[in-house]
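S.K.: what follows is a predicted protein model with its sequence.
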Amino acid sequence: MGEVRPQRDAAFTLIEMVIVIAVIATLIGVLLPSFRGTQDEAAEQRARSELRTIATALESYYIHNSNVLPSALSSLTTASPRIITVIPDDPFNGTTDYQYYTTAPYYVVFSIGRDRAADISGISNSGQVTESGDCTEDILVTNGTRTDTSGNSCGN
């Protein structure tokens, strides 16, 4: 007669479970940083689009209000004629509106960008955007000029 072999239950062993968990953890570790980069790219595109809309609203406000810029972005929502209905939030700053500085007739409106820190601190009477750091940190729209700390033009 033949040998009787003990039946093995159809279950995973502890070693098999550890290997599966290690493989899943490795995949998450590889994919998560690239997912974060994709989120930042989408937020950057959203900020650029919304900033162009706000800049258009600022120009319209300027034309309709005797060549005066609003003191705050919130004035755009109550202007007559109505220019925009709501100021969108900065996608890099949660529930905070885009930041805005003005020195007539110049303005700068900006998002803090990927580093999530505001480098822009104002705009001068000559239209020069005042910022610390280099030109790549904040996302902005201005009718003035922008240069980095070494005096090189950054464009708008």
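M.R.: Structure's in. What do you need?
S.K.: tell me where the chain has strands.
M.R.: Secondary structure of the chain (DSSP state E): strands located at 99-103, 106-111, 120-123, 129-131, 139-142.
S.K.: show residues contacting the last one.
M.R.: When contacts are defined by CB atoms under 8 Å, 6 or more residues apart in numbering, strand 139-142 is touched by residues 44, 47-48, 51-52, 54-55, 106-111, 113, 120, 123, 127, 129, 146, 156. C-betas here are computed from N, CA, C, even on glycine.
S.K.: which of those are buried? Put it as a PyMOL command.
M.R.: Written as a PyMOL command, the selection of buried residues from the contacts of strand 139-142, which uses 16 or more other CB atoms under 10 Å, is:
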select buried, resi 44+47+51+54+55+106+107+108+109+110+111+113+120+123+127+129+146
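S.K.: same list (the strands of the chain) but as CSV, adding mean pLDDT and distance to Thr78.
M.R.: Listed next are the strands of the chain as CSV, based on pLDDT from 0 to 100; distance: least, CB to CB, whole Å:
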stretch, mean pLDDT, distance to Thr78
strand 99-103, 95, 15
strand 106-111, 96, 17
strand 120-123, 92, 23
strand 129-131, 88, 27
strand 139-142, 94, 21
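S.K.: now those in TSV, with distance to Ala72?
M.R.: Formatted as TSV, the entries for the strands of the chain read as follows, by distance: least, CB to CB, whole Å:
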stretch	distance to Ala72
strand 99-103	7
strand 106-111	11
strand 120-123	15
strand 129-131	18
strand 139-142	16
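S.K.: so His64 touches Pro81, yeah?
M.R.: Yes - with contact defined as CB atoms under 8 Å, His64 counts as touching Pro81 (6.5 Å).
S.K.: neighbour count: those two, which is higher?
M.R.: Neighbours were counted for His64 and for Pro81 using other CB atoms under 10 Å; His64 has more, 13 against 7.
S.K.: and the more buried one, what does it touch?
M.R.: Contacts of His64 by CB under 8 Å, 6+ apart are 79-81, 83.
S.K.: over to Ala117?
M.R.: When contacts are counted by CB under 8 Å, 6+ apart, Ala117 touches Glu137.
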